[in-house]
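Engineer: need coordinates for the following:
(one chain, ligands or ions: 1)
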Amino acid sequence: MHDFDYLEPTTLHEVCQLMAQWGDEARVMAGGTALMLALRQRLTSPQRIVSVARVPELRGIHVAADQSLSIGAFTTHSEVAQSSHIQQHYPMLSRMASQVANWQVRNQGTIGGNLCYADPATDPPGCLLALGAEVVLQGLGKQRVLPMAEFLVDYYETALEADEVLVAIRLPAPQPHALGSYMRHLKTPADHRPLVNVSITSVQSGAAIDALCLVVGASTPFPVRVQSTNALLAQQPTATLIQSVAQTAAEEIDVLSDSRASADYRREVVRVLVERALSAHFNLSCM
Ligand SMILES: Cc1cc2nc3c(=O)[nH]c(=O)nc-3n(C[C@H](O)[C@H](O)[C@H](O)COP(=O)(O)OP(=O)(O)OC[C@H]3O[C@@H](n4cnc5c(N)ncnc54)[C@H](O)[C@@H]3O)c2cc1C
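Structural biologist: A predicted model of the protein is given here:
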């Protein structure tokens with residue numbers, strides 16, 4: 001690994017100043033689980049590492065007066081999984097967080113680092129997109145709040161600018177009659193990372209579905225909201241309808257093809273997982 005200066009600012013303003021000053025020569029470090037691997041593999045060679053571990057503004061899980069939730073970017077996956085507020089009000093998020101990687105990575109890796117690295121083979125981005133999350137970005141003298149769909153730009157690419165830091169992830173207040181579920185597929189039991197994941201949120205007051213959002217992630221360059229699920233709106237879901245939605249979903253999205261799996265294989269797994277996830281979400285048995 002090459003030599004670098006390790007900086008430990010204690011305020012958000014200082015972090016933004018350092019990032020604005022050093023630009024591409026510096027990298028923010030949170031838990032370091034992704035960045036340290038990238039440094040060792042010489043995928044990046046910054047001259048300065050700016051740790052955000054001592055910055056209080058990036059910590060904590062807070063409920064606002066309007067009941068919306070703010071999760072500090074420096075919150076570990078384990079803290080998300082174990083938060084009693086998240087378990088009670090956003091159970092799909094705590095279940096998702098408890099499936100990330102293994103104990104070591106969950107205890108060290110942060111939700112903010114996960115989003116900023118924008119590795120497609122991950123769990124939180126799709127789940128947060130389905131939950132309608134927004135991200136709070138702080139730059140030198142300016143703050144932006146972006147919906148997840150605008151933050152996740154492409155394969156390993158986000159909307160973060162050089163002087164910006166992800167401060168927090170905001171989730172809308174829990175809605176009455178809302179349901180959420182998360183399902184992921186590992187290619188082999190020895191894998192940590194998902195090959196495909198499906199996140200679903202819905203609002204259902206009677207038998208028919210009032211609102212539905214289904215996001216496919218991990219096999220796409222960035223998580224995508226599937227449009228074919230619109231066929232389920234204002235309907236009572238049936239196994240046949242779900243099969244047809246899953247088939248169209250698999251045809252509709254752009255899938256990756258790489259050393260982990262071919263595009264054809266991933267497309268088939270997307271079809272099967274969308275069908276399983278929708279069936280489980282609406283308590284129907286898969287055909
Ligand atoms: C063995 C292993 C298995 C894994 N399995 C899974 C899995 O199953 N599912 C899954 O979702 N993920 C998985 N991961 C990825 C893991 O979730 C991420 O590595 C972790 O969340 C990154 O967080 P971090 O705090 O360690 O980020 P760091 O490594 O510190 O940073 C990652 C990147 O984000 C930037 N960054 C970090 N914080 C900020 C911020 N606040 N503002 C701006 N930029 C920032 C850094 O500059 C760097 O580019 C796995 C990782 C490993 C090593």
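
Engineer: just checking, what's the longest helix in the chain?
Structural biologist: Using DSSP state H, we find that the single longest helix of the chain is helix 263-281.

Engineer: residue 128 and residue 146 touch, don't they?
Structural biologist: No - Residue 128 sits out of contact with residue 146 when judged by C-beta atoms under 8 Å, with a separation of 12.0 Å. Bear in mind the C-beta positions are built from the backbone N, C-alpha and C, glycine included.

Engineer: between those two, which one's more packed in?
Structural biologist: residue 128 (29 against 15; other C-beta atoms under 10 Å).

Engineer: let's see the pLDDT reported for that one.
Structural biologist: The confidence metric pLDDT takes the value 98 at residue 128.

Engineer: tell me how far it lies from residue 13.
Structural biologist: 26 Å (C-beta to C-beta, to the nearest Å).

Engineer: double-check residue 111 against residue 122; I have them as touching.
Structural biologist: No - the criterion here is C-beta under 8 Å, and residue 111 misses it with residue 122 at 10.3 Å.

Engineer: okay, the two: which has more neighbours?
Structural biologist: More neighbours surround residue 111 than the other of residue 111 and residue 122, with 27 against 22 (other C-beta under 10 Å).

Engineer: now for the nearest residue to residue 102 once chain neighbours are set aside, how many residues are close by?
Structural biologist: Distance criterion C-beta to C-beta, 6 or more residues apart in numbering; nearest residue to residue 102, sequence neighbours excluded, is residue 192 at 6.1 Å. Number of residues near residue 192 (other C-beta under 10 Å) recorded here: 11.

Engineer: residue in the stretch 1-150 of the chain nearest to the ligand?
Structural biologist: The nearest approach of the stretch 1-150 of the chain to the ligand comes at residue 113, 2.1 Å away (C-beta to the nearest ligand atom).

Engineer: can you count the residues close to that residue?
Structural biologist: Residue 113 has 23 nearby residues by other C-beta under 10 Å.

Engineer: so it is in which element?
Structural biologist: helix 111-117 (DSSP states H and E).

Engineer: again with residue 188
Structural biologist: Per DSSP H and E: nothing holds residue 188, as it lies in no helix or strand.

Engineer: and it, its phi and psi?
Structural biologist: phi -130, psi 160 (degrees, to the nearest 10).

Engineer: I'd like to know how far it sits from residue 122.
Structural biologist: For residue 188, the distance to residue 122 - C-beta to C-beta - is 18 Å.

Engineer: next: residue 259.
Structural biologist: Shown here: residue 259 relative to residue 122, a distance of 17 Å by C-beta to C-beta.
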